[in-house]
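coords please:
(one chain, ligands or ions: 1)
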Amino acid sequence: MVRLDGVRKEYGDTTALDGVTLEIRAGEAVAVMGPSGCGKSTLLNMIAGLDRPTAGGVTVHDEDLGRLTETGLALFRRKRIGMVFQFFNLLDDLPALENVALAAQLTGVSARQARRRALELFDELGIADRRNAYPAVLSGGERQRVAVARALMNRPALLLADEPTGALDSHAGEQVMDLLLDLNQIGQTLLLVTHDERMAERCASRVVSLADGRVVGERSLSLDGRGLERTP
Ligand SMILES: Nc1ncnc2c1ncn2[C@@H]1O[C@H](COP(=O)(O)OP(=O)(O)OP(=O)(O)O)[C@@H](O)[C@H]1O
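Numbering: from 1, shown residues only. As a prediction, this is how the structure comes out:
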């Protein structure tokens, strides 16, 4: 699903990624961990096509991102990638359902069809009763579930999550972890950046450790070990 081949990224004198080679198979849930500044977000940005490597190649879902124009990359991102961020990144002046429907409308889907799909997702994620609420009145956990719904709207090949529980209290964080775990267990490929060892162990089948822009370790987690401590 994802292949990084000797990816290097420099920002002026700073080397954010220093030759990262990594593969992620369809259906995997991979957590990327490492100290602040080691290049985790840069890695996600390379895979999402939000930024281009200084050297090396990135292939996602058989698409060589280096061959895409800026317009091609924007289209790739909208159709193939779902992203969830620590601080939700919802639009404050749109109700929850419209925030989510917009993701499909931007790919040319009609407003009616987009709302129908968004409602299905709100039902599945247990937030249907919050569909007309504006982000400001939603709890952190509800906001993140809306953000996950938005990320899933276009049925992405890959869901990228950058510290998705970083701004949540522990109960809401647990619910979001359960949600990501459930999504992966029904086949969604997931790449997760987290500082939280417990989250990695709960949601990921493999943990990749980064330090100073390099992969310095990898370990697989047994499937049996995942999701055992579910919230009631
Ligand atoms: N747009 C940018 N311009 C200049 N330097 C950048 C840019 N983005 C990242 N960097 C630098 O690249 C390095 C890696 O940053 P990155 O944000 O990927 O690390 P991170 O592991 O995600 O950190 P954190 O856990 O604190 O979010 C850091 O030294 C950072 O300052």
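
how many neighbours does Gly111 have?
No, residue 111 isn't Gly; it's Ala. A total of 12 residues lie near Ala111 under the criterion other C-beta atoms under 10 Å. Where C-beta positions appear, they are placed from N, C-alpha and C, glycine not excepted.

After the longest helix seen in the chain, which helix or strand is next?
For the chain, the helix reaching the highest residue count under DSSP state H is reported as helix 170-185. Proceeding C-terminally, helix 170-185 gives way to strand 189-193 as the next helix or strand, assigned by DSSP states H and E.

which helices and strands sit right next to that next one?
Applying 3 or more C-beta pairs under 8 Å, 6 or more residues apart in numbering; DSSP states H and E, we find strand 189-193 packed against strand 29-33, helix 40-47, strand 158-162, helix 170-185, helix 197-203.

can you do 6 Å?
Contacts of strand 189-193 with other secondary structure elements, assessed using 3 or more C-beta pairs under 6 Å, 6 or more residues apart in numbering; DSSP states H and E, are made with strand 29-33, strand 158-162.

ranking these by burial, who's on top?
Between those, the one whose residues have the most neighbours on average, counting mean count of other C-beta atoms under 10 Å, is strand 29-33 (a mean of 25).

so does that strand get close to the ligand?
No - contact between strand 29-33 and the ligand, assessed by C-beta under 6 Å from any ligand atom, is absent, since the two come no nearer than 8.4 Å.

Sheet partners, orientation included, of that strand?
The sheet places strand 29-33 alongside strand 189-193 (parallel), strand 206-211 (parallel), with pairing taken from DSSP bridges.
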